[in-house]
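**Student:** Fold the following.
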Amino acid sequence: MENSLQQQLLTELDNAVNRKKYRYLLIDNLASISELDFIHLDNMTALLGSNAITTVLRPELSHSPEACPQLLTIARPHRALDEKIIHYSVMQATLELLRTKRYICSWFVSEQPAEVVAELLVQVGAFVGQRCQLPFLPIYEPFRFQLLHESNQISALWLPSILNFSDSYCYLDMQGQLKLLKPVESLPTGIELFLSEPAQLYQKNARHLFQFYLSWQRYCQQVGKDTDENTLMKVANAYLAASRQGLTDSRDKSLFTLMSLRYGDLASHYLLQQAIDNAINEPGTLADKFKLVDKSVFLDLSQ
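**Tutor:** Alright, predicted model coming up:
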């Protein structure tokens, strides 16, 4: 699988068109990685030179630049791309798919020099964060990026349009598949730049959604159930349903989300809806309310 991903990435980053531009690797220093690993920042600095390393100064981490993301210029225009960097970065990215913090964020192509790109990455994070009522959104984190990519299809041009500094943006999704975003050919309209309310909700609750994803992944492995490329959105939609029901307690939302994934539409049975309504009036009691419902009701939903 790694060889296939490596070849896909090399084909994208080193084709005749993109070879004329800058090629970048974005890493997150908030993630941990062994100093012995080829792709460690110190080793990349020794290989590429300090001039190839540009800090992306997150506003809330500006007091601690060493904790900020680092933009590595892995190839300048008309220069050869070191395949070892692609090989080891893909290997690392594949190993850390289910980690809370991922070191390898993305690979991308741009006509802009690193100093400009680093500024634009911060501007994009502030722009999206403002729309989600957050001071800054590190959208380059692969999990958050995938949430944005998949949850705002009502305005599919939105994300490519705000990444207009990139001619090809590549990242690994939670299933280990290489995803590519290309720039839009025409200027989007106001409607096409819409960021949906669910997409905003997911970003505000990204940490919870990540834990729900891991819990559901573990459950599927235990029972021999396959996950697929739609799994993240299934988890996110179940959490959205919990919020729309009016559940406010975090434990209730968690239980509702995981039980919905396991059994289906809980609100479709009047006894379960009654239990949910009671838990809305008594936050933190959904587990107790569900225990009063015969298990056959849940099993009937999953048939």
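
**Student:** so where do the strands sit in the stretch 151-300 of the chain?
**Tutor:** Counting by DSSP state E, counting those that start in this stretch, the segments of the stretch 151-300 of the chain that form strands are 168-172, 178-181.

**Student:** again, but for the stretch 1-150 of the chain
**Tutor:** With DSSP E, counting those that start in this stretch as the criterion, the stretch 1-150 of the chain has strands at 22-27, 53-55, 70-75, 104-110.

**Student:** Mind putting those strands into a markdown table with mean neighbour count, distance to residue 287 and mean pLDDT?
**Tutor:** All C-beta atoms are positioned from the backbone trio N, CA, C, and that covers glycine. Shown next, in a markdown table, are the strands of the stretch 1-150 of the chain (neighbours: other CB atoms under 10 Å; distance: least, CB to CB, whole Å; pLDDT from 0 to 100):
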| stretch | mean neighbour count | distance to residue 287 | mean pLDDT |
| --- | --- | --- | --- |
| strand 22-27 | 24 | 41 | 98 |
| strand 53-55 | 18 | 46 | 96 |
| strand 70-75 | 22 | 44 | 98 |
| strand 104-110 | 25 | 37 | 98 |
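
**Student:** Nearest to residue 165, out of these?
**Tutor:** Using CB to CB as the measure, strand 104-110 is the one of the strands of the stretch 1-150 of the chain that comes nearest residue 165, at 5.4 Å.

**Student:** which strands and helices sit next to that closest one?
**Tutor:** With contacts taken as 3 or more CB pairs under 8 Å, 6 or more residues apart in numbering; DSSP states H and E, strand 104-110 sits against helix 2-13, strand 22-27, helix 83-95, helix 142-151, strand 168-172.

**Student:** Within the sheet, what are the partner strands of that strand, with directions?
**Tutor:** Looking at strand 104-110 with DSSP bridges, its partner strands are strand 22-27 (antiparallel), strand 168-172 (antiparallel).

**Student:** Kindly export the first one (C-alpha atoms) in PDB.
**Tutor:** As requested, C-alpha coordinates have been extracted for strand 22-27 and formatted as PDB (Å, rounded to 0.1, in the frame of the first residue of the first chain):
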ATOM      1  CA  TYR A  22       7.800  24.700  -5.400                       C
ATOM      2  CA  ARG A  23       7.000  21.400  -3.700                       C
ATOM      3  CA  TYR A  24       6.300  21.400   0.000                       C
ATOM      4  CA  LEU A  25       5.900  19.100   3.000                       C
ATOM      5  CA  LEU A  26       4.000  20.500   6.000                       C
ATOM      6  CA  ILE A  27       4.800  18.900   9.400                       C
END
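
**Student:** Distance from that strand to the middle of the chain?
**Tutor:** Distance of strand 22-27 from the chain centroid (CA atoms, centre = their mean, to the nearest Å) equals 17 Å.

**Student:** between that strand and strand 70-75, how big is the angle?
**Tutor:** Inter-element angle recorded for strand 22-27 and strand 70-75: 150 degrees (by axes from the mean of the first three to the mean of the last three CA atoms, to 10 degrees).

**Student:** All good on my end, thank you.
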